[in-house]
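A.B. asks: fold the following and give me the result.
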Amino acid sequence: MTEYKILISRAFKRDVDKIQVFLLANEATELTVRKVLNGLYESMTNLRISPLIGAKLSTKTTIPNDYRYLLSGKYLIFYKVFDREKVVRIYHVYHGKENYLVKLNF
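C.D. replies: Predicted coordinates:
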């Protein structure tokens, strides 16, 4: 079985930083923050072997796109699969209650 390479965008890293700041500002413990972040990275690791486990975002909007999303706790990880190159590029992570369709800027 071929493993895919995971590429993480700068925007994703900024999103993770924002999540961490938000959680700490809202009195989450360091342990809670670690659990959330570890959950995100564990979910992303699963994409190495099964890049299509996330749902197609095109089922949530009338705007054609090739994003997929993977649920990780209360967060959605947005990514695209490039089969020819065997690459999964991770673009963003947003809380499920955020207006992520607007933020993704199709």
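A.B. asks: remind me which residues of the protein are low pLDDT?
C.D. replies: Under the criterion pLDDT under 70, the flagged ranges of the chain are 106.
A.B. asks: try it again at 80.
C.D. replies: For the chain, applying pLDDT under 80 flags the ranges 1, 106.
A.B. asks: grab the longest helix from it for me.
C.D. replies: Criterion DSSP state H: the longest helix present in the chain is helix 30-49.
A.B. asks: tell me the buried residues in that one?
C.D. replies: Using 16 or more other Cβ atoms under 10 Å as the test for burial, helix 30-49 gives 33, 36, 40, 43-44, 47. Placement of C-beta: from N, CA and C, glycine included.
A.B. asks: other SSEs contacting it?
C.D. replies: Of the remaining helices and strands, those touching helix 30-49 by 3 or more Cβ pairs under 8 Å, 6 or more residues apart in numbering; DSSP states H and E are strand 5-8, helix 10-25, strand 68-72, strand 75-82, strand 87-95.
A.B. asks: ok, now how distant is Lys13 from Ala55?
C.D. replies: Distance of Lys13 to Ala55, given as Cβ to Cβ, to the nearest Å: 23 Å.
A.B. asks: Lys5 versus the spatially closest residue to Phe82 that is not a sequence neighbour, what's the distance?
C.D. replies: In space, Phe82 comes closest to Arg89 once its chain neighbours are excluded; the distance is 6.7 Å by Cβ to Cβ, 6 or more residues apart in numbering. Arg89 sits 9 Å away from Lys5, taking Cβ to Cβ as the criterion.
A.B. asks: the two - which one has more neighbours?
C.D. replies: When neighbours are counted by other Cβ atoms under 10 Å, Arg89 comes out ahead of the other of Arg89 and Lys5, with 17 against 11.
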